[in-house]
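1. coords below, sequence missing:
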């Protein structure tokens with residue numbers, strides 16, 4: 001249990017997808033104008049990462065990795081399908097994003113309209129694919145660890161977009177120099193938040 005907690009905290013704070021790796025920046029910058037819209041997208045990202053990372057863990061460990069097909073018999077033990085990782089991971093991600101899109105359109109049409117093109121673009125959000133690739137690189141011991149990592153990565157991305165959305169709502173009433181209004185000041189704030197999150201690297205997990 002302690003190991004799972006460490007994985008989750010590390011994914012949220014120490015290895016935050018936005019502030020440590022700058023993954024998923026396109027959606028982060030485009031959708032973070034309001035907290036309400038950012039919350040919807042952030043929850044969608046948590047759901048997609050929480051589903052796709054463990055799903056891709058199973059695919060990687062029982063189908064794609066070198067020797068993963070050994071459960072079919074000794075004849076298949078030497079087969080290595082790892083070159084198909086990108087294609088398979090993206091296929092799983094795209095199908096999950098399609099499911100999320102249909103659910104949001106059904107139950108929250110206003111949120112669906114506010115998210116616009118950026119909802120289906122979760123499928124090509126590099127933070128989503130990055131979660132599966134990091135899972136593959138780190139070789140987690142079981143699907144529980146992979147799931148906790150996926151949820152933690154999603155929670156970290158959610159925390160980042162909510163924080164910047166709240167700040168952007170406040171600075172509308174601030175005297176920001178004209179040349180820095182909009183994305184200019186957002187880039188600066190993101191950089192400062194990234195520096196702040198570097199403090200969490202001192203945590204021993």
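-> That came in fine, so what should we check first? What you see is a predicted model; the values in this text were computed from it and never measured.
2. May I see the buried residues of the lowest-mean-pLDDT helix or strand in the chain?
-> When the helices and strands of the chain are scored by mean pLDDT, DSSP states H and E, helix 109-115 comes last with a mean of 80. For helix 109-115, burial by neighbour count (16 or more other C-beta atoms under 10 Å) applies to 111, 112, 114, 115. For the C-beta atoms, the positions are set from N, CA and C on the backbone; glycine is no exception.
3. For the residues you listed, which two are the farthest from each other?
-> When the buried residues of helix 109-115 are compared pair by pair using C-beta to C-beta, the farthest-apart members prove to be 112 and 114, with a separation of 7.4 Å.
4. For this structure, give me the ranges with low pLDDT.
-> Residues of the chain meeting the criterion pLDDT under 70: 1-2, 203-205.
5. Quick one: the helices in it, in order.
-> Remark: helices of the chain, listed N- to C-terminal, are 2-9, 25-31, 35-59, 85-107, 109-115, 126-138, 143-171, 183-197; assignment by DSSP state H.
6. Tell me which residues are up against the fifth one.
-> Taking contacts as C-beta atoms under 8 Å, 6 or more residues apart in numbering, the residues outside helix 109-115 that touch it are 31, 34, 36, 37, 40, 41, 44, 101, 104, 105, 119.
7. buried stuff in stretch 40-55?
-> Within stretch 40-55, the residues that count as buried by 16+ other C-beta under 10 Å are 40-42, 44-55.
8. Show me the contact partners of that stretch.
-> Counting by C-beta under 8 Å, 6+ apart, the neighbours of stretch 40-55 from elsewhere in the structure are 24, 27, 31, 89, 92-93, 96-97, 100, 104, 108, 111, 114-115, 118-119, 122, 125, 127-128, 131-132, 135, 143, 146-147, 149-151, 153-155, 157-159, 161-162.
9. rerun that using 7 Å as the cut-off
-> Applying C-beta atoms under 7 Å, 6 or more residues apart in numbering, the set of residues contacting stretch 40-55 from outside is 27, 31, 92-93, 96-97, 100, 104, 111, 115, 118-119, 122, 127-128, 131-132, 135, 143, 146-147, 149-151, 153-155, 157-158, 161-162.
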